[in-house]
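Participant: here is a sequence together with a model predicted from it:
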Amino acid sequence: MAKRRNVCSIYFLWASLLILGIIPFSHSYSQECDTIIESNDTSNVYFYYHNVDSLALGRLHKYNMALSGVQNYNPIYKETPFFASLGNPGLLYKDMLFKPYISSGFNFGIHSFDAYIFDNKNTEYFQLTEPFTELIYLLGPEKEQMIGAKFDTKIFPQLTIGADFRYIYAPGRYQRQKADNKNLAITAQFFTKSKRYGIIGNYHFNKIVVYENGGITEDSLFEKNIDTDRFVMPVKLSSAENRIRQSSFFFNQFFNIQKKNKEVNDSTYVRRNIHAGRITHLFAWTRQTQKYIDGNPTAGFYQNIYLDSTNTLDSIYHFNISNKFMWSNLGYLDSIEKKPFYLFAAIRHEYHEVGGYSERKYFNQLIPSAGVYWLINKTFLIRASAEFVTGNYNGGDYMGETRFAYIPGKIEKKYGKIELAYKLSKQKPGWFYQFYSANNFQWDNDFKSTDIGSFSLFYTRLKLKAGIEYIQLKNYVSLDSMALPQQSDTEINVLKISVFKDFRISIVGIDTRLAYQKASDITYISLPEIMAEVAVFVTIPLFKKAAIIQPGIQLYYNTKYYASAYMPALRSFYDQNQKEIGNFVYADFFFNLKIKRARMFFKYSHFNSHFGTYNYYMVPSYPMMDAGFRFGISWKFFD
């Protein structure tokens, strides 16, 4: 049986590599297939993210209306296609594609639930000519549901408001595996008629409640498939849960120092390109609480009990207020072409308060920053930025980045972009790794700052991103096999090579995500060397293109490695060297359907779990989901 699995794995990898050979022949079909899919929908929706200067520079993103990929409903998929989960949607996760967390200022240090949080970084501000609404509903096994609603409209020409709501409810097939996540974002945009002044803002509310079972008591119970009813399998924790709540308020306003040039019909009139620029102000208020509850701390799961042997109630909060003032040389209705040279300088003040420990801690930081963006003859692009942290805790941290890009044939030719980048940062480990005091874990460390250097070379084009990245880390911090912080005393190097490419060959589509990565020291960074996700489908228009169907199969694979284990009491993943997992193919059948502006999918997830091999984990002691049907619909309205 093991030999057969290895043969299947090798075949899957060779098939993935063979797909790469199609690149030179397939790119001319990509737009053709997209045209087929969207031929009956002429409405395009664009948005930008939290920096209002992005709107001034024309850095807009097209909202996804395509049918392909609609079956990838999990919110984590927006962050990464390669993630290790606990076997149920809505639970905490870890990105398997190595990305060191580089913070700007103070960093608390726990990021295992970031993809489920609505915050400033992922909030969308829409540019509309008519009201826009999207309704989402998903139904899966064991009463799994996801509900989403998005709405944006102009109240009057200068004011736009919007709302985004998401609810994930997934009880799971195992005991104590439930996820109950609620998210709400409210946005507003206001610009004067002259565009001399503008302001955007948002309010977020997030509540994440996840039951924790600590994994199954014996992996052999699952691997021998002793009972197909997963709910009867004993688990390690019977009354534990994590509760995470985050609220935030944000606004970003600007004021153009000079008045707008008068519009003159005379063709000899020369537009004034030199002006005093604009002043921008950003304000952010955020409060996050993390609670861990366990009514039976003496069940034998924890190594230590420090405070209360009858009940665990760990509560931590992080409160932050940030003000940033920035000058840039932007003017009215600038764009990349009108403003090939963009310059900015800023100063930011941050106040942080951390509680739930033996005593509250307060930090004040002042962070100056500056940057430049220079497009030369629409062919060469130079970017550079830097910032330096002064103040409490992580004073002395810095971050710098330089990028050089070559655009063959200039922007209009759309031949893609070749970009060379180098990043350099020095930062204190997250506060969580330095100081922690709770019922089951306590530490007080004095770790050195982590030095991170990253060199990358990428080529990007329509539906293609391929490149190589080399990362150097000094004094890297992780959680050891006892879930306690450890710091490396040697340099660790990580090499990453990735290819993300969507092929279109007539009606056939192949969406490919391939990655190779290697760390020089697996004691601190254990990674699967090869990860691959491939979706193969056909797109068929019906009834004079009034409907589109898209049947296909999606495969996922990663090589064996010592995957990180999970500690519920810390909401974190830690290193282990006892159990290798991987070398298993996850296969889904899907049938996507589009009727006008309604997109639907029917998906039979992990159908190969019926084949009798029960070794499908992403995290030790947390089996992945068995086969199951799922249905989802996304319906957009423009009125």
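Facilitator: Perfect, thanks for sending it. Residues are numbered from 1 along each chain as shown.

Participant: low-confidence regions, the stretch 351-500 of the chain specifically.
Facilitator: 358, 410-413 (pLDDT under 70).

Participant: residue ranges of the helices in it, please?
Facilitator: 410-413, 431-434 (DSSP state H, counting those that start in this stretch).

Participant: what does the last one contact?
Facilitator: When contacts are defined by CB atoms under 8 Å, 6 or more residues apart in numbering, helix 431-434 is touched by residues 106-110, 354, 393, 428, 444-447, 477, 485, 572. For every residue, glycine as well, the C-beta is placed using N, CA and C.

Participant: by neighbour count, which of those wins?
Facilitator: residue 106 (27 neighbours; other CB atoms under 10 Å).

Participant: how about that one, phi and psi?
Facilitator: phi -70, psi 140 (degrees, to the nearest 10).

Participant: and what of the one 4 residues further on?
Facilitator: Main-chain torsions, residue 110, degrees, to the nearest 10: phi -110, psi 120.

Participant: again, but for residue 570
Facilitator: According to degrees, to the nearest 10, residue 570 has phi -110, psi -10.

Participant: that one: what's it in contact with?
Facilitator: 110, 441, 479, 483.

Participant: check it and give its pLDDT.
Facilitator: You'll see residue 570 listed with a pLDDT of 97.

Participant: hmm, back to that, can you add distance to residue 159 and give the contacts of residue 570 back as TSV?
Facilitator: TSV is the format used below for those (distance: CB to CB, whole Å):
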residue	distance to residue 159
110	37
441	49
479	48
483	50
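
Participant: could you list which of these belong to strands?
Facilitator: Those of the contacts of residue 570 mapping onto strands are residue 479, per DSSP state E.

Participant: now a ChimeraX select for only the buried ones of the contacts of residue 570.
Facilitator: The ChimeraX command for the buried members of the contacts of residue 570 (criterion: 16 or more other CB atoms under 10 Å) is given here:
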select :110,441,479,483
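
Participant: of the contacts of residue 570, just say which sits nearest to residue 55.
Facilitator: For these, the minimum distance to residue 55 (CB to CB) is 32.5 Å, reached by residue 110.

Participant: enumerate the beta-bridge partners assigned to residue 405.
Facilitator: Applying DSSP bridges to residue 405 gives these bridge partners: residue 381, residue 419.

Participant: test my guess that it contacts residue 457.
Facilitator: No - contact criterion CB atoms under 8 Å: residue 405 and residue 457 do not qualify, at 10.7 Å.

Participant: more neighbours: which of these two?
Facilitator: The residue with more neighbours, out of residue 405 and residue 457, is residue 405; 17 against 13, by other CB under 10 Å.

Participant: distance of that one relative to residue 603?
Facilitator: Using CB to CB, to the nearest Å, residue 405 is found at 38 Å from residue 603.

Participant: can you pull out the helices in the protein?
Facilitator: 2-20, 23-26, 30-37, 52-56, 219-223, 410-413, 431-434 (DSSP state H).

Participant: ok, so of the contacts of helix 431-434, who is nearest residue 347?
Facilitator: Nearest to residue 347 among the contacts of helix 431-434, with distances taken as CB to CB, is residue 106, at 16.2 Å.

Participant: pretty sure the closest one sits against residue 321.
Facilitator: No - at 11.5 Å, residue 106 and residue 321 do not qualify as touching, with contact defined as CB under 8 Å.

Participant: which residues are common contacts for the two?
Facilitator: By CB under 8 Å, 6+ apart, the residues touching both residue 106 and residue 321 are residue 350.

Participant: show me what residue 328 is bridged to.
Facilitator: residue 278, residue 344.

Participant: let me see the contact set for it.
Facilitator: 53, 277, 278, 280, 342, 343, 344, 345.

Participant: before we move on, what about residue 469?
Facilitator: 454, 455, 456, 457, 495, 496, 497, 498.

Participant: OK, contacts around residue 75?
Facilitator: Contacts of residue 75 (CB under 8 Å, 6+ apart): 115, 116, 166, 168.
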